[in-house]
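Engineer: Let's see this in three dimensions:
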Amino acid sequence: MIKEKGSLAVVGTGIRTVGQLNGDTIARLKTASKVFYLVADIVGEQVIKQIQPAAESLGRFYRLGGARKEAYDAMVERVLSAVRDGHRTCFAAYGHPGVFAFPTHEAVRRARAEGYDAIMLPAISAEDCLFADLGVDPANPGCVSHEATRFVLYRKPIDPTSALVLWQVGSFGDPTYQPQRNRGRWIHLLVERLLEHYSPSHEVTLYEAAIFINCPARIERIPLGALVDAELSPATTLYVPPALRDELDDETCGALSIRSEHLKR
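Structural biologist: Numbering: from 1, shown residues only. Presented below is the predicted three-dimensional model:
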């Protein structure tokens, strides 16, 4: 008997699994012969288990104080072992599986490199929830998104006329697995970088999307200077609104026959 060739589908559960788990993802979970998951809440885990009772959690690879990269590598290898064994494999991850999720991208990359069919399906991310909850349109006046530690390490340019979204501020400077709150040991370095372009009184927002129905999102507006004392968790995202208005290029407006009063501000 010829063994069936394995495949991989990477899907996302959304931020709030109940209500954001879409039909494509449910179908992939139902038809897979092997399901793995990495989710952030017990409700999401229960929903996946209802669809696939034999689904296996990859959270067991985390070790308190251990390097996250080591845990991710172990997760990827576990998923790929099922693909190699001929399973129609589904890897379900919290939020959008392609947003700030190393093991999902790496699993797809390695599966394809080894000659297996592998796809990733989109889902709702924390940033999608942020835009809705804060009433932010990333198109106007523009929006830049960075992982907080890389933002500082690589001295990413700052445009104070656009919004800035910084992910994982609660994990700033820490490559280890530490799930508890109040993790801002080195957060002063991020604040110092931001103070190069914003005043200490510039209002920023600490945001954590709601993961349960009828539970509010965390929307805490504070002065930038107070960030050093803020309560942070791995789920905390920092939203920095523009500090300056952008300026029109009159020459280009003239070339395009665009009148400034017709532009959205």
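
Engineer: Residue 41 is in contact with residue 15, isn't it?
Structural biologist: No - using CB atoms under 8 Å, residue 41 is not in contact with residue 15; the gap is 9.5 Å. (Each C-beta comes from the backbone N, C-alpha and C, glycine too.)

Engineer: higher neighbour count, the two?
Structural biologist: residue 15 (27 against 15; other CB atoms under 10 Å).

Engineer: how close does that one get to residue 199?
Structural biologist: 32 Å (CB to CB, to the nearest Å).

Engineer: What segments of the stretch 151-265 of the chain are helices?
Structural biologist: 187-194, 250-255 (DSSP state H, counting those that start in this stretch).

Engineer: How about the stretch 1-150 of the chain?
Structural biologist: 17-20, 23-31, 42-51, 68-84, 102-113, 126-134, 148-153.

Engineer: Determine the set of other helices and strands touching the longest one.
Structural biologist: On a contact count with 3 or more CB pairs under 8 Å, 6 or more residues apart in numbering; DSSP states H and E, helix 68-84 meets strand 7-12, strand 34-38, strand 88-93, helix 102-113.

Engineer: Sort out which residues of it are buried, please.
Structural biologist: Of all the residues in helix 68-84, those buried under the rule 16 or more other CB atoms under 10 Å are 68, 71-72, 74-76, 78-80, 82-83.

Engineer: ok, of the residues you listed, which one's closest to residue 165?
Structural biologist: Nearest to residue 165, judged by CB to CB, of these is residue 68 at 20.9 Å.

Engineer: The nearest residue to that closest one once chain neighbours are set aside: how many residues sit nearby?
Structural biologist: Residue nearest to residue 68 in three dimensions, not counting chain neighbours: residue 177, with 5.4 Å by CB to CB, 6 or more residues apart in numbering. By the criterion of other CB under 10 Å, residue 177 has 18 neighbours.
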